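Peer 1: What follows is a protein structure lacking sequence information:
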């Protein structure tokens, strides 16, 4: 019963294993690496951050409106008493209707002067003491305020343009990061494919040596070959088994490296859907569309940095130009009790127009501007130096691509010659016309020629990737 159950679920398990394995080509690996790589995610978040900063700088062109409020509680009191006193009186002048002092006059018409030297009035008015009380309790104010810079020497405009340039630099940096990730992915992809192909070589070499060992052992048992030949072939078989084990280890390590770059668990079961011969007919470097090193993100980043220095010069210059601003406020104030009655209880509006004109700063502005211009010149020199290096790198990458095409053609010819040589040596050895050492050497040469062809094809694929990166063809 148990056996029937196991046999019934075996096809299902096989299907699960089949579907669990992911077969990927180069483009799929690139997409997965770009989607899962943390460096690309960081570059995207940086671009997003600078985009928001640019919008915040753009807001400086518009008035800043804010609400304000203030409440003050204090038990401070101020009490004051105005003492009472006598005050002179006035009467209307019949001739003019204007008030005139109500003084005592002498027979000659002059006012009577008292002992204190002042005129003596007929009547005096008396006012009593007055008590005054001022309290700070319950003072509050609320209002709306608007601030508008009218002219800041170009600082706001320069800051906004700098933020736009920073946004472009962030975008270019993301392209540069993508190009680097694509290069890493291609290296891991083709390295893994190389290990798979080298294992095929190891299996073929093991098969050839195992067959030779079988034949030599049979010949030894019939007395046609000495025992020393068996030992020689056994050494070759051991070498083939060791190479096969090394090839298996290399496959596991290269697969883990590829999984790490793709953002997959290291023990993921992935397989490459291409073989080393699938790309032999792509036409080589002659079919690659290259825009030149000026299309590289590095070149564009330096150009943007020079533009950034131009805006920094304007920003520094703005610090020493007139600044003009406007402030307007409309609010309500209540408080300051005076003898139990609010002293202030009303709305009010005020506007403030400010102007600041720098006059003399002992050469500070001139020197800062000169320093900013020197930074721009440094950036221009760095750009020129990098352009020369990128041009050299592009030329070197093109030369390596051309050399790789030639090397693949030569290695193909060498492998064909090595195969013919091994077959001829095998026939001559079986006929007794060639020594075992020569035949073993022919096998080794055949194996080396095959391995060198694999290395040449992988190098050709990688050199094409390097050439695309050197000409700005990756990451866009």
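Peer 2: That came in fine, so what should we check first? Values in this document were obtained by computation on a predicted structure and should not be read as measured data.

Peer 1: C-alpha from now on. contacts and neighbour counts both.
Peer 2: Fine.

Peer 1: If we ignore the residues flanking it in sequence, what's nearest residue 270?
Peer 2: residue 22 (4.6 Å; Cα to Cα, 6 or more residues apart in numbering).

Peer 1: The one you found and residue 28, how far apart?
Peer 2: For residue 22, the distance to residue 28 equals 11 Å [Cα to Cα, to the nearest Å].

Peer 1: same question, residue 75
Peer 2: Taken as Cα to Cα, the span from residue 75 to residue 28 is 76 Å.

Peer 1: One more: residue 202?
Peer 2: In this view, residue 202 and residue 28 are 29 Å apart by Cα to Cα.

Peer 1: of those two, who's got more company?
Peer 2: Neighbour tally, residue 202 and residue 28, criterion other Cα atoms under 10 Å: the higher count belongs to residue 202, 24 against 12.

Peer 1: Within the helices and strands, which one has residue 70?
Peer 2: Residue 70 belongs to strand 64-72 when assigned by DSSP states H and E.

Peer 1: Note down every partner strand of the helix or strand following that strand and its orientation.
Peer 2: Note on strand 64-72: by DSSP H and E, the next helix or strand toward the C-terminus is strand 77-82. Under the criterion DSSP bridges, strand 77-82 sits next to strand 130-135 (antiparallel) in its sheet.

Peer 1: Provide the contact partners of the strand it pairs with at residue level.
Peer 2: 75-84, 336-340 (Cα atoms under 8 Å, 6 or more residues apart in numbering).

Peer 1: Let's see that with 6 Å instead.
Peer 2: Residues outside strand 130-135 that contact it (Cα atoms under 6 Å, 6 or more residues apart in numbering): 77, 78, 79, 80, 81, 82, 336, 337, 338, 339.

Peer 1: just stretch 404-414 next, same as before
Peer 2: With Cα under 6 Å, 6+ apart, stretch 404-414 has contacts from 453, 456, 460.

Peer 1: show me where pLDDT drops low in the stretch 301-450 of the chain?
Peer 2: By pLDDT under 70, the stretch 301-450 of the chain has no low-scoring segment.

Peer 1: in what helix or strand does the residue lying farthest from the centre of the chain lie?
Peer 2: Largest separation from the mean C-alpha position in the chain: residue 107, at 105.2 Å (Cα atoms, centre = their mean). Using DSSP H and E, residue 107 sits in no helix or strand.

Peer 1: Would you mind measuring from it to residue 176?
Peer 2: Distance of residue 107 to residue 176, given as Cα to Cα: 113 Å.

Peer 1: before we move on, what about residue 216?
Peer 2: 59 Å.

Peer 1: With residue 241 instead?
Peer 2: Between residue 241 and residue 176 the computed distance is 44 Å (Cα to Cα).

Peer 1: Of these two, give the one with the bigger neighbour count.
Peer 2: Neighbours around residue 241 and residue 176, counted as other Cα under 10 Å, are more numerous at residue 176. The numbers are 23 against 19.

Peer 1: which stretch of helix or strand covers that one?
Peer 2: Using DSSP H and E, residue 176 maps to helix 155-221.

Peer 1: count of neighbours near residue 380?
Peer 2: Neighbours of residue 380 using other Cα under 10 Å come to 17.

Peer 1: so what's it closest to, chain neighbours aside?
Peer 2: Spatial nearest neighbour of residue 380, chain neighbours left out: residue 306 (6.7 Å); criterion: Cα to Cα, 6+ apart.

Peer 1: Confirm that the one you found sits in a helix.
Peer 2: Yes: under DSSP: H, G, I helix; E, B strand; the rest coil, residue 306 sits within a helix.

Peer 1: Quickly note the distance from it to residue 244.
Peer 2: Distance check for residue 306 against residue 244: by Cα to Cα, it reads 56 Å.

Peer 1: Residue 88 reaches residue 124, doesn't it?
Peer 2: Yes: taking Cα atoms under 6 Å as the definition, residue 88 is a contact partner of residue 124 at 4.9 Å.

Peer 1: before we move on, the earlier item: packing partners for the helix or strand just after the helix holding residue 176?
Peer 2: Per DSSP H and E, the first helix or strand lying C-terminal to helix 155-221 is helix 227-262. Counting contacts by 3 or more Cα pairs under 6 Å, 6 or more residues apart in numbering; DSSP states H and E, helix 227-262 packs against helix 26-36, helix 155-221.

Peer 1: List just the nearest of the contacts of strand 130-135 to residue 473.
Peer 2: Minimum distance to residue 473 across the contacts of strand 130-135 is 74.5 Å, recorded for residue 336 (Cα to Cα).

Peer 1: Give me the phi and psi angles of the closest one.
Peer 2: Main-chain torsions, residue 336, degrees, to the nearest 10: phi 60, psi 80.

Peer 1: That one contacts residue 343, doesn't it?
Peer 2: Yes: assessed by Cα under 6 Å, residue 336 is found in contact with residue 343 at 5.4 Å.

Peer 1: Same drill for these two, tell me which one is more crowded.
Peer 2: Per other Cα under 10 Å, whichever of residue 336 and residue 343 has more neighbours is residue 336, with 19 against 14.

Peer 1: tell me the angle the helix or strand containing residue 56 makes with helix 155-221.
Peer 2: Using DSSP H and E, the element containing residue 56 is helix 38-58. Between helix 38-58 and helix 155-221, the angle comes out at 170 degrees (axes from the mean of the first three to the mean of the last three Cα atoms, to 10 degrees).
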